[in-house]
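In: 3D, please:
(chains A and B)
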2 protein chains.
Amino acid sequence: MATSRLRDVAARAGVSIRTVSNVVNGYAPVSDETRSRVEKAVAELDYRPNLLARNLKQGRTGMLALVVPELDVPYFSELARAVVTTARHHGYTVVIDQTDGEPDRERELITRGASAALFDGVILSPLALSPADLADRDASAPLVLLGERIADSRYDHVAIDNVTAAREATGHLLGLGRTRVAAVGDQPYETGETAQLRTRGYRQAHADHGREVDESLIVGTRRFHHADGARAMAALLDHPDGPPDAVFCYNDLLALGALRTLLSRGVRVPDDIAVAGFDDIEAGRYHTPTLTTVSPDKATIARLAVDRLIARLGDRPDEPPAELWAPHRLVPRESTTGPALRPTDVAARPGQAGH
Amino acid sequence: MATSRLRDVAARAGVSIRTVSNVVNGYAPVSDETRSRVEKAVAELDYRPNLLARNLKQGRTGMLALVVPELDVPYFSELARAVVTTARHHGYTVVIDQTDGEPDRERELITRGASAALFDGVILSPLALSPADLADRDASAPLVLLGERIADSRYDHVAIDNVTAAREATGHLLGLGRTRVAAVGDQPYETGETAQLRTRGYRQAHADHGREVDESLIVGTRRFHHADGARAMAALLDHPDGPPDAVFCYNDLLALGALRTLLSRGVRVPDDIAVAGFDDIEAGRYHTPTLTTVSPDKATIARLAVDRLIARLGDRPDEPPAELWAPHRLVPRESTTGPALRPTDVAARPGQAGH
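Out: The predicted structure is shown next:
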């Protein structure tokens, strides 16, 4: 422990603990002779107060915090990799914490919490925080928000254009001639601003194609996990008007869950039902069928967020908060367009459950 | 920044910075009157030196570090969730760093690096470190190693019995009557001790069943990602003696990559080739076919590792290093045993490439 070791150094150097502290932290001048005695003792005892002590002096830790709701949601772990890699180029270590979307935990990390002193800057992907929580914040470490903008925010934020992205994905399905396109992942406004934006894009695509939205085809889910998608798809298969012929899921895990329901029941994808997701996680690229998805440019999101923190920690601490947009693109794959080559179709195979 | 704020407090209280530091850190006695002046200024300025300062005094940060090679490998993100949850019960925050298996980075984190002072304890899942790296370590924060034991280690470590687990998975495939069982994921000893243990189990299972190992069916991979599994499977399909009839992959990502190769080529799983993985990641439970796998008890691994750190930070700092074993179990699913109900078989479908 640092306490006893500080004491050890003081004892060996024959000075007070305060004098050791003065040498280490530079709080007060110390004679050259005393300084060299302390430094010798520090070296002999291999005492390393470096970071904590130096940080107290400089107010820096060399660490950035990335705070995400769930690390085992691949979008966040892939984003985390991009942030870690980018920050390393700037000489920063990124440590990651997951909040499970608990408001208390998110609040703690961005307001009066521990982190303000431990991290030079914070990148937060909030799930549960309200604008009021942010308004209360009074910590010196700069903060960059990822994802949807919290209104009247005093902070930088980085996002993609969710409305346009969802509009493109839904438009892709409608453009394939699908007439009953379901949406899976809607959430109430309070906790699901991202979902709300995607539903808005889903509606706009219908308007673009001159189609009415069938409200009963918009399915809410509590979370964005495999299980939620599997359940929602099962419900849609039992829809009183018959199943949809396409499904736009608000993330890839929902889509992979939906695919499980479809494939285990022998529904042909995309022949009977086309499926699109959102996030472009690696698992979707290796699934059969491969998953059509919206690919947010995670590397750019990471770069914009880290650059913003670095600028605020450096020569531009007082710039006004910026809204930064990262690009996205629609990646059509087998789950909507079918395989380029389908070996199983070589053998005659009877059609199933046409619609 | 902490420096200027410390100065602000000193100015407002009309005392020296050193005196503020003495009050905050308890280095030297301060009169009641001075203390109350400083405390008033601290309150008025909302100065919060708490963690860094208190830590310097107590030698504690309340943070544990979890250091893993790759967060976007689901085994590690799922393990991270378990560690974060367990540590929170003990009042610890876990921050996570990924090393990408870079030896320098792993070394930095466990030896003279920053972390020794910033984290009360470290849980490390080493990929690149050698026993010599650990022998050099001289940091005060306790360290728990996850995964394979590095010989002559002075540290606690938590692992599962990889040899037995691999033996059970391979035995499961041989027990299904498969005669050409391939292994995907072998790695050279220096960097792949885990892989070596799994290959040993693979060999033992063959011995159990009185079968010779066909060395050409043991396929090495550089990493344990989807792409490696897909490539290895493609090579096995072109095996001069014909494809294997079963594949044991050393993790689930390899298995899901192998499945992509098989399914995209119309190979029937498990009819033509059965596939088993290792890790029991969520994606395998939702894949079609669902993935047979070895499920390491991640919750127990997390609990054993965190408990060990807590004990060393508490009343048992000097216990001898322990080898702790977490249980595992084989989870047979559709990729080896076939679906319980196969709706696609209801329609007549010609057999393919029997063996």
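
In: from here on, contacts and neighbour counts on C-alpha atoms
Out: Will do.

In: per-domain residue ranges of chain A.
Out: A:63-160+A:298-327, A:162-295 (automatic domain parsing).

In: Would you tell me which one of those is buried the most?
Out: Among those, domain A:162-295 has the highest mean neighbour count (mean count of other CA atoms under 10 Å in any protein chain shown), at a mean of 21.

In: can you tell me how far residue A:98 sits from residue A:206?
Out: Residue A:98 sits 36 Å away from residue A:206, going by CA to CA, to the nearest Å.

In: in the stretch 251-355 of chain A, which spans are strands?
Out: A:274-278, A:292-296, A:323-325, A:328-331 (DSSP state E, counting those that start in this stretch).

In: By mean pLDDT, show me the worst of those.
Out: Looking at those, the lowest mean pLDDT belongs to strand A:323-325 (a mean of 92).

In: Give me the sheet partners of it and which way each runs.
Out: strand A:156-159 (parallel) (DSSP bridges).

In: which residues of the stretch 251-355 of chain A score low on pLDDT?
Out: A:340-355 (pLDDT under 70).

In: That one: helices as residue ranges?
Out: Assigned by DSSP state H, counting those that start in this stretch, the stretch 251-355 of chain A shows helices spanning A:252-264, A:282-286, A:298-313, A:334-337.

In: Now the ones you listed in JSON lines, please, with extra columns for distance to chain B.
Out: Putting those into JSON lines (distance: least, CA to the nearest CA, whole Å) gives the following:
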{"stretch": "helix A:252-264", "distance to chain B": "6"}
{"stretch": "helix A:282-286", "distance to chain B": "6"}
{"stretch": "helix A:298-313", "distance to chain B": "10"}
{"stretch": "helix A:334-337", "distance to chain B": "10"}
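
In: want to throw these into CSV with distance to residue A:7?
Out: Below are these laid out as CSV (distance: least, CA to CA, whole Å):
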stretch, distance to residue A:7
helix A:252-264, 54
helix A:282-286, 52
helix A:298-313, 34
helix A:334-337, 66
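
In: Of those helices, which is nearest residue B:170?
Out: helix A:282-286 (24.0 Å; CA to CA).

In: So which other helices or strands are in contact with that closest one?
Out: When contacts are defined as 3 or more CA pairs under 8 Å, 6 or more residues apart in numbering or on different chains; DSSP states H and E, helix A:282-286 sits against helix B:252-264.

In: Quick check: phi and psi on residue A:194?
Out: In terms of degrees, to the nearest 10, the main-chain angles of residue A:194 are phi -60, psi -50.

In: Quick check: closest non-adjacent residue to it.
Out: residue A:148 (6.2 Å; CA to CA, 6 or more residues apart in numbering or on different chains).

In: from what I can see the one you found touches residue A:156, true?
Out: No: between residue A:148 and residue A:156 there is no contact under CA atoms under 8 Å: 11.2 Å.

In: so what's the residue nearest to residue A:194 up against?
Out: A:157-159, A:193-194 (CA atoms under 8 Å, 6 or more residues apart in numbering or on different chains).

In: Neighbours of residue A:34, how many?
Out: Residue A:34 has 16 neighbours, counted by other CA atoms under 10 Å in any protein chain shown.

In: What is the lowest-pLDDT residue among the contacts of residue A:148?
Out: Minimum pLDDT across the contacts of residue A:148 falls on residue A:193, with 83.

In: picking that back up, can you say which of the helices of the stretch 251-355 of chain A is nearest to residue A:292?
Out: Across the helices of the stretch 251-355 of chain A, closest to residue A:292 is helix A:334-337 (CA to CA), at 5.7 Å.

In: Find me the pLDDT at residue A:65, would you?
Out: 86.

In: again with residue A:137
Out: pLDDT, read off for residue A:137, is 64.

In: Reformat the strands of the stretch 251-355 of chain A as JSON lines; add distance to residue B:320.
Out: Below are the strands of the stretch 251-355 of chain A laid out as JSON lines (distance: least, CA to CA, whole Å):
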{"stretch": "strand A:274-278", "distance to residue B:320": "50"}
{"stretch": "strand A:292-296", "distance to residue B:320": "49"}
{"stretch": "strand A:323-325", "distance to residue B:320": "53"}
{"stretch": "strand A:328-331", "distance to residue B:320": "53"}
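
In: Ok, which of these comes nearest residue A:306?
Out: Closest to residue A:306 of the strands of the stretch 251-355 of chain A is strand A:323-325 (CA to CA; 11.9 Å).

In: Show residues contacting the closest one.
Out: Here strand A:323-325 has contacts from A:156-161, A:301, A:304, using CA under 8 Å, 6+ apart.

In: Identify the farthest-apart pair in those.
Out: Checking the contacts of strand A:323-325 with CA to CA, the most distant pair is A:156 and A:161, at 15.7 Å.

In: any idea how far stretch A:163-182 is from the chain center?
Out: The chain centroid and the centroid of stretch A:163-182 are separated by 24 Å under CA atoms, centre = their mean, to the nearest Å.

In: part of a strand, is residue A:122?
Out: Yes: under DSSP: H, G, I helix; E, B strand; the rest coil, residue A:122 sits within a strand.

In: What separation is there between it and residue A:264?
Out: 43 Å.

In: just residue A:305 next, same as before
Out: 41 Å.

In: got it, and residue A:233?
Out: 12 Å.

In: One more: residue A:311?
Out: 51 Å.

In: Tell me which of the strands of the stretch 251-355 of chain A sits nearest to residue B:75.
Out: The nearest among these, by CA to CA, is strand A:274-278 at 22.1 Å.

In: Now the stretch 151-300 of chain A against chain B: closest residue?
Out: Closest to chain B within the stretch 151-300 of chain A is residue A:266: 5.1 Å, counting by CA to the nearest CA.

In: Would you mind listing what in the stretch 151-300 of chain A touches chain B?
Out: A:226, A:256-257, A:260, A:263-266, A:283, A:286-288 (CA under 8 Å from any CA of the partner chain).

In: from memory residue A:171 sits against residue A:206, does it?
Out: Yes: in this structure, residue A:171 is within contact of residue A:206 by CA under 8 Å, at 7.4 Å.

In: Centre-most residue in chain A?
Out: residue A:76 (4.1 Å; CA atoms, centre = their mean).

In: ok, that residue to residue A:192 distance?
Out: Residue A:76 is 16 Å from residue A:192, by CA to CA.

In: show me what contacts residue A:219?
Out: So, once contact is read as CA under 8 Å, 6+ apart, residue A:219 ends up touching A:182-186, A:232.
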